[in-house]
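**Q** structure, please.
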Amino acid sequence: MQQTILVVDDEKAIRNGLKDLLEDEGYQVMLAASGEECLSLFFGDNEHVVSAVLLDIWLPKIDGIEVLRNLKQLHPHLPVIMISGHANIETAVTATKDGAYHFVEKPFSEETLLLTLGNALHQSKLEVENVRLRQDMKRSQNRIVGASPAFTLMMDQIERSAASEAWVLIHGENGTGKESVAHLIHEQSPRKGFPFVEVNCAAIPEELIESELFGHEKGSFTGATAKKIGKFDQADHGTLFLDEIGDMSLKTQAKILRVLQEQHFERVGGNKTIHVDVRVIAASNKRLEDEIAAGTFREDLYYRLNVLQLEVPPLRERTGDVELLVPYFIDFFSTVHGHKPKKIAPDALEVLKRYRWPGNVRELKNIVERMMIMVSGPKISREHIPPAILNAVSEAEGSGDGAEDIDPGRFQGSFREAREAFERSWLKLRLEDNSWNVSKTAEAIKLERSNLHKKIKQLNIEAG
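**A** So this is what the prediction gives:
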């Protein structure tokens, strides 16, 4: 594929000379006489694909350093070679700090310029390949593994969700893999060839979230030294994943609702309307219905997001999947850390299967990685299991499952205690009948799934 080089210089003779030189070397060449013209090729409606930029520092209106900052904001791996006839060390250092690949002084030798350009293109190719490899590793990391009834039901819901354009609201406890589920929906959807852009709503300060989501113009607030492209812009034609949306402030919820409804917005400090086409997947570890009742989440935003609802079951509801997850994580971390794969002893695996995993799949993954690093031999035995897990399993087995057998003639507790004991015993039996699949159990006993979850927590019911 022919590579395209953009030459930006306000001197026509320089532009045309570089054009002739580069075309003789087999490059396709584009020309720009100003910083504004250069940026319009990247930020306009008809964005061009450019392999590298030769950029003059001294340009009218917008100087080369400012153009460089804007280009690197949008395309971090785009190689930019600065050229100038009035160079000094301070300017060269500034350009390098702002992401320039190299600094070439006029008059430059053709051989030096072509060699520098060739090296820049080669380094850019390596950087892009490195990004692709990291993305492949992340996809492997986000792979979802299991075979339990709860897992199979979830995978069926993922497949159905991916085939549509409907927005999805994912609920699940911390560590269950909501992000992996969102990735999988995107990868199986018609938008898979376009960006998957993540926003952690809980990690961004309220005063910066508008800039993060919608972008900003240069000078729109203190510290806005260059134009920034927001997450909505980046996700155009792809998927925008709003993680932990239940932690977003009411003020931000109101602003994002308008954008979600209209699919257009203005950058902070700008007045140009930007239209986008994004599919939104949102996730929360909170029950948003409860947040609405508490007044901390907008009901209209909830109904806008909640077209399809998908529940990610906690690991304690699919303990049979531990037997598949452990060897998968062993193989994964063998690749990551360059270790030989280890075997896990049956008694060690049995302990892991009996543990309740309050941190869910994330906790299991961390434990496996720790054992892969700390165990020097080829086999992970029961003695290598962290003491906290061994103690928790022993205590649970020693205390029983907590469900009483009700004998009305002998029960000495209060009416409330008798009712709770019966509910605990009866619900545990119904859950066992449905392989601890909460959705199926709720359907069988004609109870809302959210209410069944509350009952399970309230009565301290655990799989045994």
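
**Q** where along the stretch 101-250 of the chain do the helices fall?
**A** 110-141, 149-162, 178-187, 206-214, 231-234, 250-262 (DSSP state H, counting those that start in this stretch).

**Q** which stretches of the stretch 251-400 of the chain have low pLDDT?
**A** By pLDDT under 70, the low-scoring segments of the stretch 251-400 of the chain are 396-400.

**Q** the same query, at a cut-off of 90, please.
**A** For the stretch 251-400 of the chain, applying pLDDT under 90 flags the ranges 251-252, 254-256, 258-275, 316-317, 319-320, 332, 335-341, 356, 391-400.

**Q** so for residue 104, which of the helices of the stretch 101-250 of the chain sits nearest?
**A** helix 110-141 (6.1 Å; CB to CB). (Glycine included, C-beta is placed from N, CA and C.)

**Q** domains in the chain, by residue range?
**A** Domains of the chain are assigned by automatic domain parsing as 4-134, 142-313, 316-399, 400-464.

**Q** right, and the helices of the stretch 101-250 of the chain - which one's nearest residue 40?
**A** helix 231-234 (15.9 Å).

**Q** for the closest one, packing partners?
**A** When contacts are defined as 3 or more CB pairs under 8 Å, 6 or more residues apart in numbering; DSSP states H and E, helix 231-234 sits against strand 196-200, helix 206-214.

**Q** and the domains of the chain as a markdown table, adding mean neighbour count?
**A** Below are those laid out as a markdown table (neighbours: other CB atoms under 10 Å):
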| stretch | mean neighbour count |
| --- | --- |
| domain 4-134 | 16 |
| domain 142-313 | 18 |
| domain 316-399 | 16 |
| domain 400-464 | 14 |
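
**Q** which residues of the stretch 251-400 of the chain fall in helices?
**A** 288-294, 299-305, 322-337, 346-354, 360-374, 387-399.

**Q** dump the ones you listed to JSON lines, plus distance to residue 262.
**A** JSON lines is the format used below for the helices of the stretch 251-400 of the chain (distance: least, CB to CB, whole Å):
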{"stretch": "helix 288-294", "distance to residue 262": "22"}
{"stretch": "helix 299-305", "distance to residue 262": "11"}
{"stretch": "helix 322-337", "distance to residue 262": "42"}
{"stretch": "helix 346-354", "distance to residue 262": "49"}
{"stretch": "helix 360-374", "distance to residue 262": "36"}
{"stretch": "helix 387-399", "distance to residue 262": "50"}
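
**Q** compare the ones you listed and give me the one nearest residue 211.
**A** Across the helices of the stretch 251-400 of the chain, closest to residue 211 is helix 299-305 (CB to CB), at 20.1 Å.

**Q** find the nearest non-adjacent residue to the residue nearest to the spatial centre of the chain, please.
**A** Centroid-nearest residue in the chain, with CA atoms, centre = their mean: residue 198, separated by 4.2 Å. Counting by CB to CB, 6 or more residues apart in numbering, residue 198 lies nearest to residue 241, which is 4.7 Å off, once chain neighbours are set aside.

**Q** residue 27 too?
**A** residue 5 (4.9 Å).

**Q** quick one: secondary structure of that neighbour?
**A** When classified by DSSP: H, G, I helix; E, B strand; the rest coil, residue 5 comes out as strand.

**Q** report pLDDT for residue 62.
**A** pLDDT recorded at residue 62 is 88.

**Q** over to residue 125?
**A** pLDDT, residue 125: 86.

**Q** that one and residue 52: what is the separation?
**A** 11 Å (CB to CB, to the nearest Å).

**Q** next one: residue 26
**A** 14 Å.

**Q** cool, and residue 93?
**A** Distance of residue 93 to residue 52, given as CB to CB: 21 Å.

**Q** cool, residue 456 as well?
**A** For residue 456, the distance to residue 52 - CB to CB - is 59 Å.

**Q** same check on residue 273?
**A** 32 Å.

**Q** also residue 429?
**A** For residue 429 relative to residue 52 (CB to CB), the value is 68 Å.

**Q** repeat that for residue 116.
**A** 10 Å.

**Q** now the common contact residues for the two.
**A** Contact criterion CB atoms under 8 Å, 6 or more residues apart in numbering; residues shared by residue 116 and residue 52: residue 81.

**Q** quick one: the strands in the stretch 351-464 of the chain?
**A** 379-380 (DSSP state E, counting those that start in this stretch).

**Q** turn the helices of the stretch 101-250 of the chain into TSV, including distance to residue 293.
**A** Converted to TSV, the helices of the stretch 101-250 of the chain look like this (distance: least, CB to CB, whole Å):
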stretch	distance to residue 293
helix 110-141	36
helix 149-162	25
helix 178-187	22
helix 206-214	23
helix 231-234	29
helix 250-262	14
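
**Q** just grab the bridge partners of residue 228 for me.
**A** residue 216 (DSSP bridges).

**Q** list the contacts for it?
**A** By CB under 8 Å, 6+ apart, the contact list for residue 228 reads 73, 211, 215, 216, 267.

**Q** list the contacts of the third one.
**A** Translated: residue 215. Contacts of residue 215 (CB under 8 Å, 6+ apart): 227, 228, 229, 230, 232, 233, 267, 268.

**Q** quick check: it vs residue 376, distance?
**A** Counting by CB to CB - residue 215 and residue 376 are separated by 50 Å.

**Q** so residue 286 sits against residue 246, correct?
**A** Yes. Between residue 286 and residue 246 there is a contact at 3.8 Å, judged by CB atoms under 8 Å.

**Q** the stretch 1-150 of the chain: strands as residue ranges?
**A** So, for the stretch 1-150 of the chain - with DSSP E, counting those that start in this stretch - the strands run 4-8, 28-32, 52-56, 80-84, 102-105.

**Q** make TSV out of those and add mean pLDDT and distance to residue 254.
**A** Shown next, in TSV, are the strands of the stretch 1-150 of the chain (pLDDT from 0 to 100; distance: least, CB to CB, whole Å):
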stretch	mean pLDDT	distance to residue 254
strand 4-8	95	41
strand 28-32	94	41
strand 52-56	95	40
strand 80-84	91	39
strand 102-105	88	47
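
**Q** tabulate these (TSV), appending distance to residue 390.
**A** Putting those into TSV (distance: least, CB to CB, whole Å) gives the following:
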stretch	distance to residue 390
strand 4-8	61
strand 28-32	65
strand 52-56	58
strand 80-84	56
strand 102-105	58
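
**Q** relative to residue 18, which of the ones you listed is closest?
**A** Nearest to residue 18, of all the strands of the stretch 1-150 of the chain, is strand 4-8, at 4.7 Å by CB to CB.

**Q** what's the angle between that closest one and strand 28-32?
**A** 20 degrees (axes from the mean of the first three to the mean of the last three CA atoms, to 10 degrees).

**Q** paired strands for strand 4-8, with orientation please.
**A** Counting by DSSP bridges, strand 4-8 is paired with strand 28-32 (parallel), strand 52-56 (parallel).

**Q** quick one: the last one to strand 80-84, angle?
**A** Orientation of strand 52-56 against strand 80-84 (the same axes, to 10 degrees) gives an angle of 20 degrees.

**Q** go on, the first one?
**A** Relative orientation of strand 28-32 with respect to strand 80-84: 50 degrees, computed using the same axes, to 10 degrees.

**Q** sounds good, over and out.
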